[in-house]
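**Student:** Fold the following and give me the result.
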Amino acid sequence: MLRRASVGFCFVWAVLALHTAVADDQLPAATRWVPRDALLVLEVNRPDALLDLLLDPRVSAAVKSLPAYQKQTAAPGFQEFLGVIRHLETTLGTDWRSGLRTLSGGGLTMAVWPADQTVLAIDSEDAQMLDQLHGIFLGFARTGTANSSQPDRVTSQQYRGVTGWSFNGEEAHAIVGNRLLMAKGGPALKAVLDVRDAPEALSFASAANYRAAKKAAGADAVALAFVNLQALKQHPPVQKALSRTRNPMASLLLAGMQEAVRGSSWVALAVGVRQDTLTFKVLMDGQAADPSGPAGFATPDSPGQGVLPNLRVPRRIAAASLYRDLHAFYAGKDELFPQRTSGLIFFENMMGIYFSGRDLTDEVMAELGPEIRLVVAEQEYDPDVGIPQTRIPAFAAVFRMRSPDTFAQVMEEAWQKAIGMVNFTRGQQALPGLIIDRPVHRGVKFTVACFPTGEQADKTAVDQRFNFQPALAMVGDDLILSSTEALARDLIDASLQETAKPAAHVHTLVEIDAGQAASALSANWENMVRQNMVEKGNTRAQAETELGSLVAALQWMGQATLNIGNMDGRPAADLELRLDLPEAVPAGAPR
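**Tutor:** From the prediction side, this is the model:
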């Protein structure tokens, strides 16, 4: 009995000792070997999550359906590539999908630091397979050199007990345990090996800003891209890019994000995967815009303030909901834009005409609430009127009025003056003008201006002006400015049905339907092909292949949603991309 217990104890001790030895051989995180002054670091901590999505049979089916892929399969180089893959599968004893998972399953890390030095670290789950793969490519490199007139460019060198290799004199790589290090030149590889043997305090992994970004990303992030803004800001091009913009429209749309980046020492992008959805979260350590500062016009300062939900209309391509206090923005224009641009001066002059000399800050902008919504939708055309040869999507802006009873008349007058200005300009060019009408939709009387149809010889290719029927509608507090009558009617419907409340702490909400965008592009197929041929010098077949791949890719990209706002006193941005992947066709099934 005692003998059996002794044998059992020895067995357990041996297992524990073996486990400890294996644990001691495990390599530290690749960031532990990255120089502390790295400017950019990209980590993929969970390659399996990304590979599950990328290697999904539906993704494979989608890629194979692209015209560009189908064209590539007929090229001799592609068949040679497939031959190499089959050789690797046979030699390594695995299929390429399983091999890819095994060889990259431990994670990937890429780092860039000053002097244009770059390194990529790939951690394999099978060190033996990694060595075997390196041996295969080493044989390829030596064979290629032997068959050429160039001297042997395959070299190796020992450094800090590690054998470094180069196949062409430009790249350098080494294998340390189960980690493959690939660098842009020997100095970069040596720098990594130097940090490997240095105290941890000298590595990038110990940097406080990186640790803060890692914590902010959370445990669910499958990948993290980190940018050291503190170091990048020392470079003049970056300083210029982060300087205050002189473009009022850019300043209005970016809504304080430039100020947040200027006040941050780092910015990071955390990537997540949920089934068919990719998530991207932008993180930084800068403070949110001060509501009393220049960028406060886009800062909801109470829980009841924020963007309204986007309006939904038929055939919607994109929509944006913004929280922008136009009164505060325009009142602070002298501080935001000390040098007045020609565009801003022209805008002020035209607005003075349209609004009969009213003060643009206190009598116009002050009458508009901070809730602004934009909509873009594909058009449906009346065949009796005609279908334009170039089909432009309809677009509209919806504002909230603070005093609709009085401001509605002001807007009606301004809108009709704008239409009159268009007619005057077109009249000088002997072009047909717009005719104003006042139709009623669901009890709402609105104003629309249309071009006279006249006698069109070909109703399937009428002039581009028939894309537009400018419309103005007021529904309760909502002020609708639309490029077409049809979209104005759809927005009246949406406004009458809306009961949603603002989203707190969010100042920008953007939604894009890539499938509907693909439909809008397809409607202009012939024009796009001709334009591609003229601008890029492609043949018709080349243009159709290029554009066909774009349209096909959009069809399965699905929907994208972007939220930008403030969370816990810091700026935050979240992008969600929901893929609409086609169902894979089983092998042997009819297509």
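**Student:** which residues touch stretch 187-195?
**Tutor:** Stretch 187-195 is contacted from outside by 32-36, 113, 117-119, 121, 159-160, 162, 164, 172-174, 181, 183, 202-204, using C-beta atoms under 8 Å, 6 or more residues apart in numbering. From N, CA and C alone the C-beta is placed, and that goes for glycine too.
**Student:** Just want to check the distance between residue 414 and residue 420.
**Tutor:** Residue 414 is 11 Å from residue 420, where distance means C-beta to C-beta, to the nearest Å.
**Student:** go on, residue 573?
**Tutor:** 42 Å.
**Student:** Alpha carbons of stretch 537-550, in CSV - could you do that?
**Tutor:** C-alpha atoms of stretch 537-550 as CSV (Å, rounded to 0.1, in the frame of the first residue of the first chain):
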residue,chain,number,x,y,z
GLY,A,537,-8.1,53.9,-69.3
ASN,A,538,-9.6,50.5,-68.7
THR,A,539,-11.2,48.4,-71.3
ARG,A,540,-14.9,47.7,-70.9
ALA,A,541,-14.2,44.3,-69.5
GLN,A,542,-11.8,45.6,-67.0
ALA,A,543,-14.1,48.4,-65.9
GLU,A,544,-17.0,45.9,-65.5
THR,A,545,-14.8,43.6,-63.4
GLU,A,546,-13.6,46.4,-61.1
LEU,A,547,-17.1,47.9,-60.6
GLY,A,548,-18.8,44.5,-60.4
SER,A,549,-16.5,43.6,-57.5
LEU,A,550,-17.3,46.9,-55.7
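**Student:** Of residue 573 and residue 420, which one has the most company?
**Tutor:** Neighbours were counted for residue 573 and for residue 420 using other C-beta atoms under 10 Å; residue 573 has more, 18 against 15.
**Student:** so who does the residue nearest to that one when sequence neighbours are not counted touch?
**Tutor:** Excluding its sequence neighbours, the residue lying closest to residue 573 (C-beta to C-beta, 6 or more residues apart in numbering) is residue 282, at 3.9 Å. Each residue near residue 282 by C-beta under 8 Å, 6+ apart is listed here: 267-269, 572-575.
**Student:** quick one, helices of the stretch 201-350 of the chain?
**Tutor:** For the stretch 201-350 of the chain, helices defined by DSSP state H, counting those that start in this stretch occupy the ranges 208-217, 229-232, 236-241, 248-254, 257-262, 326-331, 333-336, 342-354.
**Student:** Mean neighbour count added to the ones you listed, as a markdown table?
**Tutor:** Output for the helices of the stretch 201-350 of the chain, formatted as a markdown table (neighbours: other C-beta atoms under 10 Å):
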| stretch | mean neighbour count |
| --- | --- |
| helix 208-217 | 17 |
| helix 229-232 | 17 |
| helix 236-241 | 10 |
| helix 248-254 | 16 |
| helix 257-262 | 20 |
| helix 326-331 | 20 |
| helix 333-336 | 13 |
| helix 342-354 | 13 |
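**Student:** residues contacting residue 552?
**Tutor:** Residue 552 makes contact with 62, 65-67, 518, according to C-beta under 8 Å, 6+ apart.
**Student:** cool, and residue 438?
**Tutor:** Taking C-beta under 8 Å, 6+ apart, we find residue 438 in contact with 445-448.
**Student:** and what of residue 326?
**Tutor:** With C-beta under 8 Å, 6+ apart, residue 326 has these contacts: 297, 365, 368, 370, 372.
**Student:** Relative to residue 119, how far out is it?
**Tutor:** With C-beta to C-beta as the criterion, residue 326 and residue 119 are 49 Å apart.
**Student:** again, but for residue 343
**Tutor:** Distance of residue 343 to residue 119, computed by C-beta to C-beta: 46 Å.
**Student:** In which helix or strand does residue 501 reside?
**Tutor:** Using DSSP states H and E, residue 501 sits in no helix or strand.
**Student:** pLDDT at residue 586, what is it?
**Tutor:** For residue 586, the pLDDT comes out at 46.
**Student:** which stretches of the stretch 1-150 of the chain form strands?
**Tutor:** Under the criterion DSSP state E, counting those that start in this stretch, the stretch 1-150 of the chain contains strands at 40-44, 107-113, 117-123.
**Student:** Residue 261 is nearest to which of these?
**Tutor:** With C-beta to C-beta as the measure, strand 40-44 is the member of those nearest residue 261 (15.1 Å).
**Student:** Which strands or helices does the closest one pack on?
**Tutor:** strand 107-113, strand 223-227 (3 or more C-beta pairs under 8 Å, 6 or more residues apart in numbering; DSSP states H and E).
**Student:** what's the closest of those strands to residue 288?
**Tutor:** Among those, the nearest to residue 288 by C-beta to C-beta is strand 223-227 (19.2 Å).
**Student:** Just want the angle from the closest one to helix 208-217.
**Tutor:** 140 degrees (axes from the mean of the first three to the mean of the last three C-alpha atoms, to 10 degrees).
**Student:** that older thread, which among the contacts of residue 438 gets closest to residue 135?
**Tutor:** Closest to residue 135 out of the contacts of residue 438 is residue 448 (73.7 Å), distances taken as C-beta to C-beta.
**Student:** re earlier: are any of the contacts of stretch 187-195 buried, and if so which?
**Tutor:** Buried subset of those (neighbour count, 16 or more other C-beta atoms under 10 Å): 32-36, 113, 117, 119, 121, 162, 164, 172-174, 181, 183, 203-204.
**Student:** Residue 472 versus residue 413, what's the distance?
**Tutor:** Distance, residue 413 to residue 472, using C-beta to C-beta: 11 Å.
**Student:** of those two, who's got more company?
**Tutor:** residue 472 (22 against 13).
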